[in-house]
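Undergrad: have a look; sequence and predicted model below, questions after that.
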Amino acid sequence: GNSVTQMEGPVTLSEEAFLTINCTYTATGYPSLFWYVQYPGEGLQLLLKATKADDKGSNKGFEATYRKETTSFHLEKGSVQVSDSAVYFCALATSGTYKYIFGTGTRLKVLA
Amino acid sequence: DSGVTQTPKHLITATGQRVTLRCSPRSGDLSVYWYQQSLDQGLQFLIQYYNGEERAKGNILERFSAQQFPDLHSELNLSSLELGDSALYFCASSVGAVGVGRNEQFFGPGTRLTVL
């Protein structure tokens, strides 16, 4: 079945450090891929998405590229801020299904 | 603000009781999804409705049920509650259901359920 695997957290970085959160997936067909972010006490918000191979999603300085050959969708940011501290979820959805598969989430802590 | 509203924000109840969580989707969205988020299970998809009809089921217990009404709001009913049902329950909505990959979900702020 479809699944998403994320790196375990927490990830602790200093402000302005480079961020990578790994995400790999297993899916039949051609899924769309998403990163959601959950700030403390809030619901999930869509951060970025990519709907086909080699697409790059980007938003708020975050980027992720849909790599079909490695079945990956790693999240990157060149310079993190304290305000980026949150839990990040990788997710996939396949066309014709009605549900998203979420990873377990990776908590990011950015220290000033 | 995603435009998805959930009530109540917090709910404290006892084992064996029954509760109802309510969700109003964004204006124009026809699909509603329910998720359970707990410390040990992560984010689990429970059920999805599209325009009043059930479309997909995930890891939803038989003690739980949901429905979507003609005005598109949805309710999640949890009965015979157990301690392990304590969790955050999120509702999400999207425009459609077909080709779900083209319809991102917008999440509500959640209802925190505590079962004592």
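TA: Received it, and whenever you're ready, just let me know what you need.
Undergrad: residues contacting the residue nearest to A:Pro10 when sequence neighbours are not counted?
TA: Distance criterion Cβ to Cβ, 6 or more residues apart in numbering or on different chains; nearest residue to A:Pro10, sequence neighbours excluded, is A:Arg107 at 4.1 Å. Any C-beta I mention is one placed from the backbone N, CA and C, and that applies to glycine too. Residues near A:Arg107 by Cβ atoms under 8 Å, 6 or more residues apart in numbering or on different chains: A:9-11, A:86-88.
Undergrad: the one helix or strand A:Arg107 maps to pairs with which strands, parallel or anti?
TA: Per DSSP states H and E: A:Arg107 is located in strand A:106-111. Strand pairing for strand A:106-111, determined by DSSP bridges: strand A:11-14 (parallel), strand A:86-94 (antiparallel).
Undergrad: who wins for proximity to A:Leu44 among these?
TA: A:Leu44 lies closest to strand A:86-94 among these, at 6.4 Å (Cβ to Cβ).
Undergrad: please compute how far the closest one lies from its chain's middle.
TA: Strand A:86-94 sits 5 Å away from the centroid of its parent chain (Cα atoms, centre = their mean, to the nearest Å).
Undergrad: count the neighbours of the closest residue to chain B within chain A for me.
TA: Closest to chain B within chain A is A:Ser32: 2.9 Å, counting by Cβ to the nearest Cβ. By the criterion of other Cβ atoms under 10 Å in any protein chain shown, A:Ser32 has 24 neighbours.
Undergrad: now do the buried residues in stretch B:84-94.
TA: Within stretch B:84-94, the residues that qualify as buried by neighbour count (16 or more other Cβ atoms under 10 Å in any protein chain shown) are B:85-94.
Undergrad: show me what counts as buried in the strand holding A:Arg107.
TA: A:106, A:108, A:110.
Undergrad: for stretch A:85-103, same thing?
TA: Using 16+ other Cβ under 10 Å as the test for burial, stretch A:85-103 gives A:85-94, A:97-103.
Undergrad: repeat for stretch B:70-86
TA: B:72, B:74-76, B:78, B:81, B:85-86.
Undergrad: mean confidence score for that stretch?
TA: Mean pLDDT, stretch B:70-86: 97.
Undergrad: which regions of chain A sit below the pLDDT cut-off?
TA: By pLDDT under 70, the weakly predicted segments of chain A are A:95-98.
Undergrad: at 90 instead, please
TA: A:1-2, A:7-9, A:27-32, A:40-43, A:51-52, A:92-102 (pLDDT under 90).
Undergrad: same question for chain B.
TA: B:1-2, B:38-45, B:55-59, B:94-105.
Undergrad: quick one: the residue most central in space within it and chain A, what's the gap?
TA: Taking Cα atoms, centre = their mean, the centroid of chain B lies closest to B:Trp34, which sits 2.8 Å from it. Computed as Cβ to the nearest Cβ, to the nearest Å, the B:Trp34 to chain A distance reads 11 Å.
Undergrad: in stretch B:39-55, what's buried?
TA: Across stretch B:39-55, burial judged by 16+ other Cβ under 10 Å covers B:43, B:45-50, B:55.
Undergrad: please disregard the earlier target; I meant stretch A:73-87.
TA: A:73-75, A:77, A:80, A:84-87.
Undergrad: what's it in contact with?
TA: By Cβ under 8 Å, 6+ apart, stretch A:73-87 touches A:9, A:13, A:15-25, A:33, A:35, A:37-40, A:47, A:50, A:61-67, A:88, A:90, A:105-112.
Undergrad: which ones are touching B:Leu113?
TA: Contacts of B:Leu113 by Cβ under 8 Å, 6+ apart are B:11, B:13, B:19, B:21, B:78, B:85-89.
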